[in-house]
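Enquirer: kindly return the folded structure for what I paste below:
(chains A and B)
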Amino acid sequence: MTPLLEIRNLSFAYEGSTVLVFDRLTMAVQEGEFILVKGPSGSGKSTLLRLICRLNQPQGGSILFQGNDTTSIAPAKLRSAISYVAQIPQMIDATVEENLLQPFSFAVNAAKPRPGSEELREMLRKFYLADVTLEHSAMKLSIGQKQRLAIMRALLQEPLLLLLDEPTSALDQESASMVFSIMERLNTEERKTLITVTHIDYKPETVKPLTYTLANRSIHLR
Amino acid sequence: MNQIINISTGQLLLALVFILIAQASSFIYHLGLNRDITIGTIRTFAQLFLMGYVLTFILKTSNPFLVISVFMVMVISAMFIIKGRVKEKQIPYIIPTFLTMLVSYLATAIFVSGLVVGITPWWEPRYFIPAGGMVIGNSMSALAISLERLFRDMRQQKELVEMKLSLGANYREASLDIFKNAITAGMIPSINAMMGVGLVFIPGMMSGQILAGTDPLIAIRYQIVVMLMLVGSTAVSSVVVMLFVRRRCFGSGEEVLLSPR
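Expert: Numbers count the residues shown, from 1 in each chain, chains lettered A, B, ... in the order given. Modelled structure (predicted):
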């Protein structure tokens, strides 16, 4: 069975540096898996996710998505199928609704079904944002609320793979628990494939994750 | 009325009083501009006298290759001035900017000399060089402002651009606001000039023609052509340069190449 994502001999060094962050890193992700990537600060956890969705370019090796080299897929199409949520959630200076519908303003998502207001309100409830209205200014939300909204927005374009970069690093305990709960539910109920990088000791309660550790410029399954 | 009053060397030197005032202001208030004012004054004298001799020579010889060569030198000089002001090291913007400037300014100057003014030949130096000079000078400032704004905003808003890319935007969609703001910032001085012309200020070219004895009604017609030409050439060169340079801010995977300073 073709893996959803396959990384082959990936090598990467930051611009202007000769020190390799990854040296011939190889891994495969099957559909429906819940992957946790752990590692100390500076081990390249965020970089790995950015390489997968081509926000950074590797010096060597290849990344295959559904068996196709990601460099052969139009970047916008790739990022519509592999959605990346950054560590610090970014919002445009507009309402919650406008932020949530932003993916549909881009050509690649134009033909996808656009959720109605009621559907969005229902989603907000599922994302523990029942007290947030669609007319609310997104800029005035707390960081925890923004993080949940960012995950929700990424999901609206119905990606096949969701990449979450330290989704709880800036959150308090309560908000972090909500995000973890959402992640697990996405995997168990909606069969979403997730790769989450984290430096904290998170043990999912309802899913059995595949935990990888980044060390010595490569990745190892625990 | 057509008698032109010459300015003698002594009278010219008398005008340096204004520079002394500027130097005194800088000295009294510790503005640190004395060196720049001195260099600027020397360059004004040297460059304009040099230009005067070159123009006299070109007007006498009336050689199209010479006219185009002078035009080329003006564009290259403008490019160096832009390079000095923009100071961008990561993105190679010089070649697309230079080529766009050359083509768009040449087209504008030819259009104005050959079609609007209707001079034959179109490269007649008396019209072509001043028209070219005004286009280059005006657009050069606009381009420097636009480029600086583009690079600054791309750096400052990198996370926001990447967020849009992550939601399926292509590089044009992800940087649309930055692109529009950069062009607007460069265009505003030219548009403001159109608003204020004749009310707030009398432009240099029109003043020069009137001082040289031209009928003010003819001078304003030239000035209107010049104002429209400047806005048009600034718009075209800014849009084309921004289109090329914006693409260079993104890599082959449409990833943002600019890293924070």
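
Enquirer: how about the strands in chain A?
Expert: Using DSSP state E, the strands of chain A run over A:5-13, A:20-29, A:34-38, A:60-65, A:68-69, A:82-85, A:161-165, A:193-198, A:210-215, A:218-221.

Enquirer: mean pLDDT lowest where, among those strands?
Expert: Lowest mean pLDDT of the strands of chain A: strand A:218-221, a mean of 88.

Enquirer: tell me the contacts of residue 76?
Expert: Just going to use chain A. Residue A:76 is in contact with A:106, A:107, A:108, B:165, B:168, B:169, B:170, B:173, B:254, counting by Cβ atoms under 8 Å, 6 or more residues apart in numbering or on different chains. C-beta here means a position set from N, CA and C on the backbone, and glycine is covered the same way.

Enquirer: ah, I was thinking of chain B
Expert: Applying Cβ under 8 Å, 6+ apart, the residues near residue B:76 are residue B:98.

Enquirer: and it, how far from residue B:83?
Expert: 11 Å (Cβ to Cβ, to the nearest Å).

Enquirer: what does chain A put close to chain B?
Expert: Chain A comes close to chain B at residues A:15, A:53-57, A:70-71, A:74-77, A:79-80, A:83-86, A:88, A:90, A:92, A:102-103, A:105-109, A:150, A:153-154, A:157, as judged by Cβ under 8 Å from any Cβ of the partner chain.

Enquirer: just to revisit the earlier point, among the contacts of residue A:76, which one is most surrounded by other residues?
Expert: residue B:168 (29 neighbours; other Cβ atoms under 10 Å in any protein chain shown).

Enquirer: how about that residue: what's its closest non-neighbour residue?
Expert: Using Cβ to Cβ, 6 or more residues apart in numbering or on different chains and skipping the chain neighbours, the partner closest in space to residue B:168 is residue A:80 (3.6 Å).

Enquirer: so for that neighbour, what's the pLDDT?
Expert: pLDDT for residue A:80: 96.

Enquirer: residue A:175 too?
Expert: Note on residue A:175: pLDDT of 85.

Enquirer: do residue A:143 as well
Expert: Residue A:143 is given a pLDDT of 93.

Enquirer: okay, the nearest residue to it once chain neighbours are set aside and residue A:47: tell me how far apart.
Expert: Excluding the flanking residues, the one nearest residue A:143 by Cβ to Cβ, 6+ apart is residue A:170, at 5.1 Å. From residue A:170 across to residue A:47, the span is 19 Å (Cβ to Cβ).

Enquirer: other residues contacting stretch A:53-62?
Expert: In contact with stretch A:53-62 (Cβ under 8 Å, 6+ apart) are residues A:7-13, A:22, A:24-25, A:47, A:50-51, A:69-71, A:75, A:78-79, A:82-84, A:163, B:162, B:165-166, B:251-256.

Enquirer: if you set the cut-off to 6 Å instead, what comes out?
Expert: A:8-13, A:50-51, A:69, A:75, A:79, A:82, A:84, B:162, B:251, B:253, B:255 (Cβ atoms under 6 Å, 6 or more residues apart in numbering or on different chains).

Enquirer: would you mind listing which of the residues you listed are buried?
Expert: Neighbour-count burial (16 or more other Cβ atoms under 10 Å in any protein chain shown) applied to the contacts of stretch A:53-62 gives A:10, A:12, A:13, A:50, A:51, A:75, A:79, A:82, A:84, B:162, B:253, B:255.

Enquirer: list just the nearest of those residues to residue B:129.
Expert: residue B:255 (44.4 Å; Cβ to Cβ).

Enquirer: the residue nearest to that closest one when sequence neighbours are not counted: neighbouring residues, count only.
Expert: Nearest non-adjacent residue to residue B:255, counting by Cβ to Cβ, 6+ apart: residue A:55, 5.0 Å away. Residue A:55 has 23 neighbours, counted by other Cβ under 10 Å.

Enquirer: tell me the pLDDT at residue A:55?
Expert: Confidence at residue A:55, expressed as pLDDT, is 97.

Enquirer: any idea how far residue B:16 is from it?
Expert: Plainly put, residue A:55 is 57 Å away from residue B:16 if you go by Cβ to Cβ.

Enquirer: picking that back up, for residue A:83, see how far away the residue nearest to residue B:255 is.
Expert: From residue A:55 to residue A:83 the distance is 12 Å (Cβ to Cβ).

Enquirer: with residue A:197 instead?
Expert: To residue A:83, residue A:197 is 15 Å away according to Cβ to Cβ.

Enquirer: residues contacting the host helix or strand of residue B:172, please?
Expert: Following DSSP states H and E, one finds residue B:172 within helix B:171-174. Contacts with helix B:171-174, where a contact means Cβ under 6 Å, 6+ apart, come from A:106, B:161, B:164, B:165, B:250, B:254.

Enquirer: so the fourth one, which state does it fall into?
Expert: Using DSSP: H, G, I helix; E, B strand; the rest coil as the criterion, the local structure at residue B:165 reads helix.

Enquirer: contacting residues for it?
Expert: A:79, B:174.
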